[in-house]
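Asker: Here is my input; please provide its structure:
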Amino acid sequence: MRLAFPKDEATKDELFARDDESYDDHAEPIVKVYHYRGAFMLLYWDMVDENPLFTDAERQQVTQKIYDQLVYRLTRKDHHSPYRNRRYDEYKPVRPHRHYSWEALLAYTAARYLHKDYPSFDTAEGLRIGKNALEPLYTAIINAHIPLFWMGTTAELQFYYALLQGHRYVDHPALRDYARNLSLLSDLGPGNDDNNHRFTSLWTLLAGAYLAQDQALVEIVQNKKKAGVFSTKVFDLDGFRLGQSFWPAAAYPRDSIRENVGKWNFFRTAKPNASQETELQYLCYRSAPDRSGDYLLVDTKYDHGIRETQHNFALVNATLAGVTVLRGFENTLIPFGDNLADLEQPYGSDIIASGSVGPYCWVTGFVKDFNGFDWQRTWLAKRGEYLLAADTVTAVRDLGSARLDNGFVSQSYINSMTPAGNGDFRLQLNPSGDAREYTLSTSVDALPVLKTGGRVDRIGPNILTWQQDTGALKKGDVLRLVSVVRPGAPLETRSAALSAEAAALATPRPTLWNWTADGFVLREPDATLTVTGNVGQLGDGDAAATQQAAQLLASRPAPAAMAPLASASLPVHWRQEVATYAGVSCIFDDKAAIASHKTLRVMNLADGQILWQREVSGAIGRLAWWPQAGLLLVGCWDDKLHGWDAKGEARWTFTSEMAPEMQRFPPYYQRSAAPGIRSILPHGEMLYIGSAGTLEALDRQGQLQKRVYVQFGPLEELIPIPDSHDVLARRLVSGDPVLHRVSPELTVRHHGWGHGLRDYLGSFGYNQVMHQFVLFFRNGQNELRVANVFNGVQNRLVLRDADGKALNEANFGAGKTAAAVTNSYYDRPAMLDTTMRNAAIVDLDQDGAPEIVVAIANGKLYIFDQQLKLLRTLTLPSEPRTLAVGDGEFFLGLHDGAIVRLAAQGDLQLVARLSGAVLTLDRVGGQLLAGSAKGELLALALE
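Answerer: Numbering: from 1, shown residues only. The predicted structure is shown next:
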């Protein structure tokens with residue numbers, strides 16, 4: 001009762017410490033409980049409400065709050081409203097939603113509790129809304145558009161409502177299908193290593209098993225009890241836990257895992273508003289009823305607004321003999337006609353064949369009109385031995401150039417993914433302490449791009465992409481490639497090769513692949529597999545084919561190394577070392593401020609001598625010079641902003657605080673998701689600082705003049721608007737790319753700019769636009785223009801006029817995330833794991849019509865004219881980190897320590913190299929100042 005009716009801030013803080021974001025408002029934990037966090041609240045209360053421990057006054061107090069909760073559900077006006085888009089006004093199948101449907105269900109549970117003793121119009125409406133939302137889901141199998149790792153939470157809706165109806169839905173056909181679909185998504189890994197069920201609760205699995213009479217979900221529970229290699233949270237079945245009341249006394253009669261072994265199983269869902277039609281979401285193949293066998297899971301389509309990488313036909317899990325060798329949506333091929341993606345994307349694939357015979361299984365998908373190509377891929381696995389991919393890519397229009405990105409992503413217990421020296425890659429795994437080695441090879445004749453340990457799906461995998469530049473293509477031109485993953489170390493020669501007629505693979509035995517008009521033929525030394533559509537036939541081995549494969553593999557040359565950049569070294573003006581790393585920089589007067597974690601150093605630009613050094617209490621993430629006040633401003637992780645004069649005298653320290661609206665917003669309560677000063681902008685006589693959804697204005701003495709709430713999410717950048725006294729606030733957001741315009745009086749209004757030519761760029765997933773650039777410039781006609789770069793699931797460059805109207809747009813293809821809000825690179829922002837790394841405006845040919853330069857993580861450098869026509873695409877020798885603009889030229893600092901220059905129509909030139917990734921890069925006067933992740937500072941003289 002004390003926590004249910006908090007009377008002070010300390011009690012609210014205790015609620016947050018216990019339950020984090022379980023409440024929309026910690027002052028009203030009964031009324032404003034966060035929907036799926038509070039599903040059982042009223043059932044628990046119903047079990048104890050007549051206990052003499054409670055007084056009648058307390059019971060009345062709780063009952064009133066339950067009624068208030070019902071009213072809150074039925075009257076809220078935000079995006080959680082169950083009335084949104086009138087979706088539950090009628091009794092008909094509607095696709096469930098992780099917010100609207102749970103809101104409707106909680107309205108139902110509150111109404112159900114109250115209606116027994118206090119029937120009213122409100123309780124009848126709550127029952128109606130809940131019934132309309134959930135009951136039709138038992139007449140048509142409809143799954144939510146939701147990430148794989150949350151699929152259990154959408155099935156939980158159907159299970160929960162069914163249990164509230166007593167025994168009515170036990171062994172119901174619809175619930176059998178929902179339970180089967182959950183079992184199809186499990187790779188039967190131990191603990192949370194079963195990736196698609198790491199958020200599926202014990203209650204969901206055991207209650208679902210009971211309702212469906214399906215032992216498979218019980219077996220998943222037993223697997224989750226076993227601690228996996230990277231498991232941090234598993235079920236402790238030795239203590240009392242929610243859901244154990246459904247622990248079966250005997251095995252259930254049905255087992256959807258064992259019933260579906262040895263064949264492809266299709267995960268279908270009814271189409272919204274057309275429940276008689278279905279669409280395929282996933283399909284899987286399992287060779288054994290336990291972890292010892294093979295498991296393939298294919299995702300056929302991408303749904304807007306979910307937290308997954310955009311994909312069409314992706315092998316999201318490949319487990320061979322119990323070892324997961326590939327996992328993730330990047331196990332796919334992405335073509336780029338004219339080196340860019342189309343604005344109109346297919347977002348789905350057709351399964352044109354699938355089957356199995358003997359030890360083989362295969363599936364073929366087709367994606368039509370995908371960035372200038374029709375793409376067809378066959379995945380084939382031989383039980384416990386190897387996995388291969390065979391691709392056919394056909395140009396659907398004339399292309400001046402093109403690129404094929406053939407991607408592979410490993411998962412959490414890959415110890416390393418390293419080049420083998422012959423063009424192949426070595427995968428070293430350590431599942432359950434049992435060291436394994438695999439070889440990954442492809443027929444692509446190009447050097448791969450390897451990203452290690454990036455934050456994707458919260459695992460930290462290795463992503464390997466072979467990028468093949470094809471040159472010009474005519475409509476109808478066909479390209480083919482093959483790839484293989486197999487156990488064992490790399491061989492002396494590569495394990496995949498291609499000729500005009502066939503492909504060869506070392507599995508490790510020489511194996512020949514031939515495409516046919518309606519299938520393929522696979523020839524191994526001791527067997528031949530002939531596939532026509534869904535039907536496969538086995539035959540004897542073919543010695544001639546084996547010899548042909550061996551010759552093709554042996555004749556494949558080693559990949560050519562990337563030609564080194566032309567060297568045009570700049571004279572070194574001075575070199576200096578600082579401790580740890582150079583993370584953030586600021587140039588002012590004739591000095592350079594360099595931050596390294598909690599240490600600030602101010603140096604003389606003329607000779608690199610350290611003029612003064614200061615230590616602060618929090619990591620330094622932002623620096624700025626305020627010329628009107630003569631102050632160097634230092635923003636820190638601990639919310640402190642320090643002001644020093646040019647001589648190093650401390651003038652003041654200000655501690656930032658969140659606006660009250662942010663303190664009441666649970667996901668960011670107590671800065672839990674966004675610590676630190678995020679942006680600093682001296683603006684005449686006023687100083688603006690941005691933090692967690694909050695903008696503060698200070699005077700020269702560091703005194704707060706005003707504090708305003710902008711919107712949830714850290715204010716990552718404050719941008720002066722040309723020809724105006726207003727400022728744009730750009731947030732590090734999670735799905736909604738809206739900018740805010742702030743007046744000198746600190747009035748805040750939405751500025752929009754979230755749309756491209758045809759798409760709202762916040763509709764592509766949770767991480768769609770967690771980072772963006774807003775660059776103002778004037779074109780050759782002196783018109784104000786905006787280059788607006790979006791980073792995330794989709795990566796776009798939008799050209800706007802001064803009013804924000806989209807004039808043109810370029811699509812760079814799928815990405816993932818910009819980095820977590822609480823990222824570990826606060827004090828090294830150049831290390832953020834973004835797809836879109838750098839963007840700048842530079843007049844390369846000095847003709848008054850500037851170019852737009854964009855550098856992305858895969859090492860591609862794009863140069864557009866002022867109308868957004870692509871002029872050039874260049875390849876960098878390493879991924880970019882920093883960018884600095886000069887007169888008619890620009891410089892890039894790369895991850896491998898190289899500093900490169902590009903001027904006008906010239907080629908990239910290597911001008912210097914540092915001992916670590918280039919994290920700071922500033923052009924000032926006749927110098928270029930660079931700082932590295934190893935603490936090296938280098939001043940280069942510009943000729």
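Asker: Which strand runs longest in the chain?
Answerer: For the chain, the longest strand by residue count, based on DSSP state E, is strand 704-720.
Asker: So which bits of that one are buried?
Answerer: Neighbour-count burial for strand 704-720 flags 707-719 (criterion: 16 or more other CB atoms under 10 Å). Quick note: C-beta positions are derived from backbone N, CA and C, even for glycine.
Asker: mind putting these in a markdown table, distance to residue 604 and pLDDT included?
Answerer: Conversion of those to a markdown table gives the following (distance: CB to CB, whole Å; pLDDT from 0 to 100):
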| residue | distance to residue 604 | pLDDT |
| --- | --- | --- |
| 707 | 37 | 96 |
| 708 | 39 | 96 |
| 709 | 42 | 92 |
| 710 | 39 | 91 |
| 711 | 42 | 85 |
| 712 | 43 | 78 |
| 713 | 39 | 78 |
| 714 | 34 | 83 |
| 715 | 33 | 89 |
| 716 | 31 | 89 |
| 717 | 29 | 93 |
| 718 | 29 | 96 |
| 719 | 31 | 96 |
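Asker: and the residues you listed as JSON lines, adding distance to residue 725?
Answerer: Conversion of the buried residues of strand 704-720 to JSON lines gives the following (distance: CB to CB, whole Å):
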{"residue": "707", "distance to residue 725": "20"}
{"residue": "708", "distance to residue 725": "16"}
{"residue": "709", "distance to residue 725": "21"}
{"residue": "710", "distance to residue 725": "18"}
{"residue": "711", "distance to residue 725": "21"}
{"residue": "712", "distance to residue 725": "26"}
{"residue": "713", "distance to residue 725": "24"}
{"residue": "714", "distance to residue 725": "24"}
{"residue": "715", "distance to residue 725": "18"}
{"residue": "716", "distance to residue 725": "21"}
{"residue": "717", "distance to residue 725": "18"}
{"residue": "718", "distance to residue 725": "13"}
{"residue": "719", "distance to residue 725": "13"}
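Asker: Can you show me the helices along the chain?
Answerer: Per DSSP state H, the chain has helices spanning 9-19, 41-48, 56-75, 100-115, 121-134, 151-163, 173-184, 202-212, 215-225, 543-555, 660-663. These are given in chain order.
Asker: mind saving the C-alpha coords of the longest strand of the chain as PDB?
Answerer: The C-alpha coordinates for strand 704-720 follow below in PDB (Å, rounded to 0.1, in the frame of the first residue of the first chain):
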ATOM      1  CA  LEU A 704      20.600  29.900 -15.500                       C
ATOM      2  CA  GLN A 705      18.200  32.200 -17.400                       C
ATOM      3  CA  LYS A 706      15.600  29.700 -18.500                       C
ATOM      4  CA  ARG A 707      15.100  25.900 -18.800                       C
ATOM      5  CA  VAL A 708      12.600  24.400 -21.300                       C
ATOM      6  CA  TYR A 709      11.500  21.000 -22.200                       C
ATOM      7  CA  VAL A 710      12.000  20.200 -25.900                       C
ATOM      8  CA  GLN A 711      11.100  16.500 -26.400                       C
ATOM      9  CA  PHE A 712      12.400  13.200 -25.000                       C
ATOM     10  CA  GLY A 713      15.800  12.200 -26.300                       C
ATOM     11  CA  PRO A 714      19.200  14.000 -25.800                       C
ATOM     12  CA  LEU A 715      19.700  17.200 -27.700                       C
ATOM     13  CA  GLU A 716      22.700  16.200 -29.600                       C
ATOM     14  CA  GLU A 717      23.300  19.300 -31.700                       C
ATOM     15  CA  LEU A 718      22.200  23.000 -31.700                       C
ATOM     16  CA  ILE A 719      22.400  24.500 -35.100                       C
ATOM     17  CA  PRO A 720      22.100  28.300 -35.900                       C
END
